[in-house]
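Colleague: need coordinates for the below:
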Amino acid sequence: MDRWIAPGRLNVIGEHTDYNDGFVLPIALSLGVVCAARRRADRQVRLTSAQRAGEVIEVAVDDLAAQRDRLPSWARYPLGVVHEFVRAGHPVDGVSLDLDGAVPIGAGLSSSAALCCAVTVALRDLFAAALPDRAMVELARSAENSFAGVPTGVLDQSASILCTAGHALFLDVRAFTAPDGPETDAAQQIPFDLPASGLTLLVADTGHPHDLADGGYAERRAQCESAAAALGVAALRDATGADLPRLADPLLRRRATHVISENARVLAVVELLGAGADPRAIGALLSASHRSLRDDFEVSAPALDLAVTAALGAGAHGARMVGGGFGGSVLALVDTVDTARVSAEITRRFAATGFAPPRLFPVEPAAGARKLD
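Modeller: Numbering: from 1, shown residues only. As a prediction, this is how the structure comes out:
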């Protein structure tokens, strides 16, 4: 069987802006999901996972939609991709999929998108060779939205498929998702060579998992839609700070405040990096993003706040929670020589508070989804 890999992602900045037609700036991780796949001619899908030892799922291609509610929740992601390929008219006559994932589940590093995108690139090469990148992003997202039941935007799938090593991906979500929009202009590679500046992005997986299917994410998304409707705009991307006093509901005003300010922070980071500034200059913007996610969007959690506080106290240039929130991971921009010290302080503070030790590891921008052999 041939093998494909799709990475998880770390969003440098731009949280909860993608489904508001805004701006995001993710990188791909070296951690990913590997999909070994081969064609079948019996119109059956056979699915296994190294993380689900002994579990074999077999379902007819034509019965995927009817069997959805009987499938384990984890299997709805890869099988949803097969369903979306079939629904889009691609001739999937049957396929065997063997999965093996290295992205921590529930850490806010997009393990689910890596899973969907690994299957997507495999199915593209096996059944739809001419499929463009943007179509792959949409198929992977549709699998999560429609089949797995998670209302994500395009951030995670775009990062997993489009990112390149040594760069962050600046994505204008509205332009990228427009049916006839200019794909190349909407997705730009921004130089982000941290080792050359003596810097490291340190990830602290707090061990407090989040679940985007549990309602909190969908609730925030609905609140953003309500705020946009109250302001009379298509999406909060179209609103400005001057519009905020028109939101009578203080909760909706806080949600809109985050989205508007977060979009501005993404643009400021892109401007700094694009101009060749020392990446340390983005640190204050990362920390401001966390405060906004904590106070205005209210998706942080005690373990996330503690990791950010500890990292900043130990000398990090900036730190913030990443992902949908309610748990997961924190990123900290640190001088490489200080990585061990910052890691030790986060671990010490967790122990003093009674939290389980976090998993700490450095990351740098890696390549997107691709065939391995």
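Colleague: looking at the closest residue to D243 other than its chain neighbours now. What's its pLDDT?
Modeller: Spatial nearest neighbour of D243, chain neighbours left out: L231 (5.3 Å); criterion: Cβ to Cβ, 6 or more residues apart in numbering. Backbone N, C-alpha and C define where each C-beta goes, glycine included. If you check L231, the pLDDT there is 98.
Colleague: now L231: how far from L252?
Modeller: With distances taken as Cβ to Cβ, to the nearest Å, L231 is found 9 Å from L252.
Colleague: then A175?
Modeller: A175 is 26 Å from L252, by Cβ to Cβ.
Colleague: those two: which has the busier surroundings?
Modeller: Taking neighbours as other Cβ atoms under 10 Å, A175 and L252 compare with L252 leading, 19 against 15.
Colleague: residues touching the residue lying closest to the more buried one once chain neighbours are set aside, list them.
Modeller: Closest residue to L252 apart from its sequence neighbours, by Cβ to Cβ, 6+ apart: A227 at 4.2 Å. By Cβ atoms under 8 Å, 6 or more residues apart in numbering, the residues touching A227 are L236, A239, L247, D249, L252, R253, R255, A256.
Colleague: residue ranges with poor pLDDT in the chain?
Modeller: Across the chain, the ranges flagged by pLDDT under 70 are 181-184, 210-214.
Colleague: ok, which stretches of it are strands?
Modeller: 2-13, 23-39, 44-49, 57-60, 95-101, 167-172, 187-191, 199-205, 318-322, 329-335, 359-363, 370-371 (DSSP state E).
Colleague: mind listing what's buried in the first one?
Modeller: Going back to what we said before, that points to strand 2-13. Within strand 2-13, the residues that qualify as buried are W4, I5, A6, P7, G8, R9, L10, N11, V12, I13, counting by 16 or more other Cβ atoms under 10 Å.
Colleague: swap in stretch 160-177?
Modeller: 160-163, 166-174, 176-177.
Colleague: show the end-to-end separation of it, please.
Modeller: Stretch 160-177 has an end-to-end distance of 16 Å (criterion: Cα to Cα, to the nearest Å).
Colleague: which residues touch the most centrally placed residue in the chain?
Modeller: Centroid-nearest residue in the chain, with Cα atoms, centre = their mean: D156, separated by 3.3 Å. Applying Cβ under 8 Å, 6+ apart, one finds that D156 lies in contact with R9, P26, S110, S112, A113.
Colleague: can you pull the buried residues of stretch 87-107?
Modeller: Result for stretch 87-107 [16+ other Cβ under 10 Å]: buried residues 90, 92, 94-104, 106-107.
Colleague: those residues: which two are farthest apart?
Modeller: G94 and A107 (33.4 Å; Cβ to Cβ).
Colleague: hey, C-alpha coordinates of stretch 226-239 in PDB?
Modeller: Coordinates of the C-alpha atoms in stretch 226-239 are reproduced here as PDB (Å, rounded to 0.1, in the frame of the first residue of the first chain):
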ATOM      1  CA  SER A 226     -25.900  36.800  15.500                       C
ATOM      2  CA  ALA A 227     -23.500  39.800  16.100                       C
ATOM      3  CA  ALA A 228     -23.000  40.100  12.300                       C
ATOM      4  CA  ALA A 229     -26.700  40.100  11.700                       C
ATOM      5  CA  ALA A 230     -27.300  42.700  14.400                       C
ATOM      6  CA  LEU A 231     -24.700  44.900  12.700                       C
ATOM      7  CA  GLY A 232     -26.200  44.300   9.200                       C
ATOM      8  CA  VAL A 233     -22.900  42.900   7.800                       C
ATOM      9  CA  ALA A 234     -22.300  39.600   6.000                       C
ATOM     10  CA  ALA A 235     -19.700  38.500   8.500                       C
ATOM     11  CA  LEU A 236     -17.700  40.100  11.400                       C
ATOM     12  CA  ARG A 237     -14.800  40.500   9.000                       C
ATOM     13  CA  ASP A 238     -16.800  43.500   7.600                       C
ATOM     14  CA  ALA A 239     -17.200  45.200  11.000                       C
END
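Colleague: mind listing what's buried in it?
Modeller: Quick answer for stretch 226-239 (16+ other Cβ under 10 Å): S226, A227, A228, A230, L231, V233, A235, L236, R237, D238, A239.
Colleague: would you check that the third one makes contact with N20?
Modeller: Right, A228. Yes - assessed by Cβ atoms under 8 Å, A228 is found in contact with N20 at 7.5 Å.
Colleague: how is the protein partitioned into domains?
Modeller: 2-192, 195-363 (automatic domain parsing).
Colleague: what sits against the residue lying closest to E58 once chain neighbours are set aside?
Modeller: Spatial nearest neighbour of E58, chain neighbours left out: R46 (5.1 Å); criterion: Cβ to Cβ, 6+ apart. Applying Cβ under 8 Å, 6+ apart to R46 gives the contacts R40, V56, I57, E58, V95, S96, L97.
Colleague: pull up the gap between the third one and D98, please.
Modeller: Distance of I57 to D98, given as Cβ to Cβ: 11 Å.
Colleague: pull the number of nearby residues for A248.
Modeller: 8.
Colleague: just the helices in the stretch 201-350 of the chain please.
Modeller: Along the stretch 201-350 of the chain, counting by DSSP state H, counting those that start in this stretch, helices occupy 216-231, 250-274, 283-295, 302-313, 339-353.
Colleague: what's near enough to touch the residue nearest to A102 when sequence neighbours are not counted?
Modeller: In this structure, A102 finds its nearest non-sequential neighbour in L31, 4.7 Å apart by Cβ to Cβ, 6+ apart. Residues in contact with L31 (Cβ under 8 Å, 6+ apart) are P7, G8, A102, V103, P104, L109, A114.
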